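Peer 1: fold the following and give me the result.
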Amino acid sequence: MAPSSSPFCLPLPSLSIQPRNRRSFHLPPTSRSPGGGSPVRSHRLSSSSSSSELSRMVRLRCSSQGQSAEESELELERLFSNLNQATLKREPGSLSSAVLLVAGTTVGAGILAIPAVTQESGFIASAVTCIFCWIFMVATGLLIAEVNVNTMCELGSGGVSLVSMAMRTLGKFGVQVACWSYIFIHYALLVAYVARSSDILTNSLGIPLWESATLFSLVMGGICYFGSQRLIGAVNGVLVLGILLSFAALVAAASGDLHWEALLKANFEAVPMSIPVIALSFVYQNVVPVLCTNLEGDLTKVRTAIVLGTAIPLGLFLVWNAVILGTITSADVSSDNFIDPIQQLRSSNGVVGPIVEVFSLLAIATSYIGFVLGLSDFLADLLKLPSGQSKPLPYLLTLVPPLVLSLLDPEIFFKALDFAGTYGVLVLFGILPAAMSWSDRQSSSITSSRPPKLVPGGQLTLAIIGGGAVWVIISELLENVGKT
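Peer 2: Just a heads-up that it's a prediction; the model follows:
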């Protein structure tokens with residue numbers, strides 16, 4: 001679209017966004033306001049629906065290039081509309097489904113590893129660490145959403161992944177960092193999810209390992225490929241409900257032998273060693289681009305989905321860690337023959353074992369859906385492949401390699417997970433979002449207007465986020481060098 005000499009208030013180009021079986025609602029041409037001010041975008045609404053439509057719009061503050069002392073405000077509910085291909089009716093993304101998608105993606109197998117890495121630091125120190133990690137990961141997710149929406153505004157297209165965001169803000173070097181970190185983390189986690197779920201299904205159904213791994217990949221991958229937004233949201237809702245029910249049963253069964261005095265332990269010197277695993281447990285940022293597209297660029301809904309969607313796992317992590325750490329004794333922690341707290345519960349309480357298996361399978365399934373959706377969209381954007389229900393190649397590239405690799409030697413990839421939690425996650429979802437946001441906020445590519453910032457504090461906040469991730473990485477490097 002050719003640039004105009006008139007001052008624009010949020011000059012959004014016509015967007016063409018097609019998440020799976022949706023079509024976009026193209027914004028009509030610009031029209032000048034009756035008062036002769038800045039031109040605005042307007043949806044073609046009937047007289048009976050225009051007032052109700054406008055009353056629900058969210059304010060996006062923007063200033064025109066020709067105004068220095070005063071600002072003009074433009075009311076926008078969303079950047080675009082998702083339309084059903086069959087009915088051509090708008091089907092906006094559900095906020096509740098978005099919250100469940102974030103929560104389901106966050107609650108994964110990492111929750112099972114938290115007690116093992118935090119038992120030395122104790123519950124109080126680990127609870128403080130979990131809260132700080134939650135704040136950190138919420139902030140980085142909001143930064144990704146902010147840059148994602150700004151990139152959609154500038155490029156005039158939806159479904160923007162980290163590749164396009166990194167290219168626009170950091171150039172080719174940023175793309176290389178984002179690509180390799182993103183691919184490594186996602187494939188490593190998907191391999192772990194398939195391997196762990198296949199073990200659970202093999203023990204429960206008595207079928208060979210390769211059959212259980214194939215069954216899990218086909219069922220969950222088929223839901224991601226064939227399912228609509230509503231179907232995937234409904235499946236996530238059922239899985240999250242199952243997680244909550246099994247979690248409640250697990251807490252009730254394991255809390256019978258809870259030692260309250262054990263929860264008073266606080267060894268903050270042992271906190272740094274638990275940060276990578278805790279940070280890995282809060283990973284959800286891979287679905288933020290999908291979230292922004294499903295919610296039609298509505299930043300208010302995106303912020304709500306991220307905060308609430310991650311607050312649910314935070315509560316689960318704290319309660320879960322309290323129950324597990326409160327049932328083990330200090331002798332078990334200091335023993336030379338270390339026993340994983342989960343394994344100890346399974347051996348001491350016969351009721352806990354099956355509940356843990358159910359909880360683990362449901363938690364893995366929810367994370368698997370989120371990671372498949374995020375990685376398939378990422379690969380489609382990276383390789384310039386068409387995404388959607390009729391184009392299966394991005395999904396094949398997402399589903400097949402983890403299935404194959406999980407059937408080889410899973411122990412190799414579990415070691416890779418430790419490395420990914422220490423370096424990959426903190427680089428991709430720590431340093432990179434802060435760097436992209438720093439460049440995006442300093443850029444003059446959208447000088448006339450931009451959506452509101454989701455993370456306050458300016459450059460100081462970005463420096464704290466990026467510097468904190470660098471500090472953890474350097475600390476882990478020095479510790480590993482000292483051990484060798």
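Peer 1: thinking residue 382 is in contact with residue 163, fair?
Peer 2: Yes. Taking C-beta atoms under 8 Å as the definition, residue 382 is a contact partner of residue 163 at 5.0 Å. Quick note: C-beta positions are derived from backbone N, CA and C, even for glycine.
Peer 1: and for these two, which residues touch both?
Peer 2: Taking C-beta atoms under 8 Å, 6 or more residues apart in numbering as the contact criterion, the residues that touch both residue 382 and residue 163 are residue 179.
Peer 1: centroid-nearest residue for the chain?
Peer 2: Against the mean C-alpha coordinate of the chain, by C-alpha atoms, centre = their mean, the closest residue is residue 284 at 2.0 Å.
Peer 1: where's that residue relative to residue 222, distance?
Peer 2: From residue 284 across to residue 222, the span is 23 Å (C-beta to C-beta, to the nearest Å).
Peer 1: by mean pLDDT, flag the weakest helix or strand of the chain.
Peer 2: The element with the least model confidence among the helices and strands of the chain, by mean pLDDT, DSSP states H and E, is strand 39-40, at a mean of 34.
Peer 1: helix, strand, or coil at residue 384?
Peer 2: Assigned state for residue 384: coil (three-state reduction, DSSP: H, G, I helix; E, B strand; the rest coil).
Peer 1: now do the top helix by length along the chain, average pLDDT.
Peer 2: Among all segments of the chain classified by DSSP state H, the helix with the greatest residue count is helix 162-205. Along helix 162-205, the predicted confidence averages to a pLDDT of 86.
Peer 1: cool, stretch 137-156 as well?
Peer 2: Regarding stretch 137-156, the rounded mean pLDDT is 89.
Peer 1: give me the distance from that stretch to the chain's centre.
Peer 2: On the basis of C-alpha atoms, centre = their mean, to the nearest Å, stretch 137-156 sits 13 Å off its chain's mean C-alpha point.
Peer 1: ok, stretch 151-161 next?
Peer 2: Distance of stretch 151-161 from the chain centroid (C-alpha atoms, centre = their mean) equals 18 Å.
Peer 1: which parts of that stretch are buried?
Peer 2: Judged by neighbour count using 16 or more other C-beta atoms under 10 Å, the buried positions of stretch 151-161 are 151, 152, 153, 154, 156, 157, 158, 159, 160, 161.
Peer 1: now residue 222: which helix or strand?
Peer 2: helix 209-226 (DSSP states H and E).
Peer 1: how far off helix 209-226 does the helix or strand just after that helix point, in degrees?
Peer 2: Once the chain leaves helix 209-226, the next helix or strand it forms, by DSSP H and E, is helix 229-254. Counting by axes from the mean of the first three to the mean of the last three C-alpha atoms, to 10 degrees, helix 229-254 lies at 130 degrees to helix 209-226.
Peer 1: buried stuff in helix 229-254?
Peer 2: In helix 229-254, residues buried by neighbour count (16+ other C-beta under 10 Å) are 229, 232-233, 235-237, 239-240, 242-244, 246-247, 249-251, 253-254.
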